[in-house]
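[1] Build me a model:
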Amino acid sequence: MTIKDLLSEDETIVKINKFDEKNILNYLKKFKDDYCIHNIEEIETVIKTGLFTKEYHHHYIVELYGGDNGSGDWQKYFGILGKIFDESKYQKTQIEKMWLIELVNDCPDDVHTAYIGIRMKD
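    The predicted structure follows:
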């Protein structure tokens, strides 16, 4: 699965805002011992507001790899994910909101991919 597979027909990948990308990377590097950032994409959503009018909204999708290749310690994995999603921590940054889009588990290899949505402050 890739980030592109997660998009609806109203969403497209656009050129990433480097300032936002830097802020996302700075926040997530705190968790680099447990999660590897595989990809970050900026997503544009087009919302029709009238017959001839549209609004454009932007958010980011981050693809994180995690797991210990064997121990299957989901209490640990969920604990770390809980820290990533701790609003009191990320709201001190340029991140406004975070949410889990999808968690894909590879049981035999004890690794997983977390797809996280991020909206930045204006």
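
[2] May I have the phi/psi pair for the residue lying farthest from the centre of the chain?
    Going by C-alpha atoms, centre = their mean, the residue of the chain most distant from its centre is Leu51, 32.3 Å out. When read as degrees, to the nearest 10, the backbone of Leu51 gives phi -60, psi -40.

[3] mind checking pLDDT for it?
    pLDDT, Leu51: 86.

[4] Then Gly72?
    For Gly72, pLDDT reads 83.

[5] Ok, the one 3 residues further on next?
    Each residue has a pLDDT score; the one for Gln75 is 94.

[6] any idea what it is structurally, helix, strand or coil?
    Here Gln75 takes the helix state, with states given by DSSP: H, G, I helix; E, B strand; the rest coil.

[7] For it, grab the count of nearby residues.
    7 (other C-beta atoms under 10 Å). All C-beta atoms are positioned from the backbone trio N, CA, C, and that covers glycine.

[8] Same question for Asp73.
    Neighbours of Asp73 (other C-beta under 10 Å): 12.

[9] again, but for the one 10 residues further on
    Other residues near Lys83 come to 13 when the count uses other C-beta under 10 Å.

[10] mind listing what it touches?
    Residues near Lys83 by C-beta atoms under 8 Å, 6 or more residues apart in numbering: 31, 89.
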